[in-house]
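here is my input, please return the structure:
(4 chains)
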Number of protein chains: 2
Amino acid sequence: MTDLRDDRDAWSMANCSIARAMDIVGSRSAMLIMREALLGTRRFDDFVHRVGLGEPAMAARLKELLAAGLLERIPYREPGQRTRHEYQLTRKGRELLPVITALRNWGDTWAADDAGPPVLATHRECGHRVRAALRCELGHDVDEGDVDIVAGPGLIRST
Amino acid sequence: MTDLRDDRDAWSMANCSIARAMDIVGSRSAMLIMREALLGTRRFDDFVHRVGLGEPAMAARLKELLAAGLLERIPYREPGQRTRHEYQLTRKGRELLPVITALRNWGDTWAADDAGPPVLATHRECGHRVRAALRCELGHDVDEGDVDIVAGPGLIRST
DNA sequence: CATCTGACTAGCGTCAACGCAAGTCAGCCC
DNA sequence: GGGCTGACTTGCGTTGACGCTAGTCAGATG
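Below you'll find the predicted structure:
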């Protein structure tokens, strides 16, 4: 099999992973909540003022992200305080980091103002900037033009 | 200053690159249009039936993506046909490939059904699967836990 | 026991996204 | 020159996202 793009209409996107991902984190607010969660935010009120969403909207979004399994609601207790709940990333949520990083890279390049990007992600061990780069399982760097699209096990062919 | 996460409320996300990116391609339909464009789709009607959006909505989305500079409207002429226009990716649009790839990776892992992912991106030269991976400018692979967030030139500090 | 704080919920009103149905418009084809 | 096709536009109505204001609720604190 060569490249599925050569006969695009012979297969369907009914179970497209990109569409499914967008159904879960494909809104501005959901993605910004995940940005905050990856920056370490855990409490409801902090999400509200750091993301810039109203309380009712935030409560609804967090509920969706809990239901989708990106966040967990964990009880905790600060000394002298009553038991509360915090929103912690699950593995499913933590693995959005490459998506967020790729979005930040793109925004830094194409949507930042003249001053430049507000924050930089760096490699703790060497201090150099981190990017989401394409590479194959053998470790090769993959150029934009060197990607083939081939059938996967879940491919749905059109009738 | 080491890691900005240690004092999260001392700086603002007013010019966040992630938020800006989401303003442009942060809707399900915009992202699916970019998916199709990266798969080679160029004509209006093909976008309509491959993305599964109505004609009015598609016309509006395409206009936004043209205005944002992700697509260009280029005249072309098939033999025996009149001049038409096709939507071609610009460099700005093409550089969304890491974002789309990261989203597909995540969806393949966390949102695919039992059959598995419908399509696979492979490296043309070796045939192995392509992923969006974190790496620094020195070429190191970067682990999820090894990312620092430090001030960039455009950082806005809170008052 | 009343108060206070963090974390919500309830009830509006508004605005944007989208589907559907129908109309338009330009030019090749017969 | 009347149809046909591809690429839209116009005009509904519906649904969902969100802001705002106000109310609730649980438990430590005074």
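
residue ranges with poor pLDDT in chain A?
Within chain A, the ranges that satisfy pLDDT under 70 run A:1, A:79-80, A:159.

quick one, helices of it?
A:17-25, A:28-38, A:44-51, A:55-67, A:91-94, A:97-110 (DSSP state H).

nearest to residue A:148, of these?
Among these, the nearest to residue A:148 by C-beta to C-beta is helix A:17-25 (16.7 Å). The way it works is simple: take the backbone N, C-alpha and C, and place the C-beta from them, glycine included.

is the closest one in proximity to DNA strand D?
No. Against DNA strand D, helix A:17-25 shows no contacts by C-beta under 7 Å from any atom of the strand, the least distance being 10.2 Å.

about what we covered before: residue B:47: which of the helices of chain A is closest?
Residue B:47 lies closest, by C-beta to C-beta, to one member of these: helix A:17-25, at 14.5 Å.

identify each buried residue in that closest one, please.
By neighbour count on 16 or more other C-beta atoms under 10 Å in any protein chain shown, the buried set for helix A:17-25 is A:17, A:18, A:19, A:20, A:21, A:22, A:24, A:25.

quick one on the thing from earlier: so which of the helices of chain A gets nearest residue B:2?
Nearest to residue B:2, of all the helices of chain A, is helix A:28-38, at 17.3 Å by C-beta to C-beta.

any bit of that closest one sitting next to DNA strand C?
No. Helix A:28-38 is not in contact with DNA strand C by C-beta under 7 Å from any atom of the strand; minimum separation 10.7 Å.

got the angle for that helix vs helix A:17-25?
Relative orientation of helix A:28-38 and helix A:17-25, computed by axes from the mean of the first three to the mean of the last three C-alpha atoms, to 10 degrees: 80 degrees.

circling back to that earlier point, can you put the buried residues of helix A:17-25 in a markdown table and add distance to residue A:7?
As requested, the buried residues of helix A:17-25 are arranged in a markdown table below (distance: C-beta to C-beta, whole Å):
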| residue | distance to residue A:7 |
| --- | --- |
| A:17 | 20 |
| A:18 | 20 |
| A:19 | 20 |
| A:20 | 23 |
| A:21 | 25 |
| A:22 | 25 |
| A:24 | 30 |
| A:25 | 31 |
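
residues from chain A in reach of DNA strand C?
Contact residues, chain A versus DNA strand C (C-beta under 7 Å from any atom of the strand): A:43, A:44, A:45, A:46, A:55, A:56, A:59, A:62, A:63, A:84, A:85, A:86.

neighbour-wise, give me the winner out of these.
residue A:62 (21 neighbours; other C-beta atoms under 10 Å in any protein chain shown).

my read: that one touches residue A:36, true?
No. When contacts are counted by C-beta atoms under 8 Å, residue A:62 is not listed as touching residue A:36 (10.9 Å).

tell me the centre residue of chain A?
Geometric centre of chain A, nearest residue: residue A:96, 3.5 Å, by C-alpha atoms, centre = their mean.
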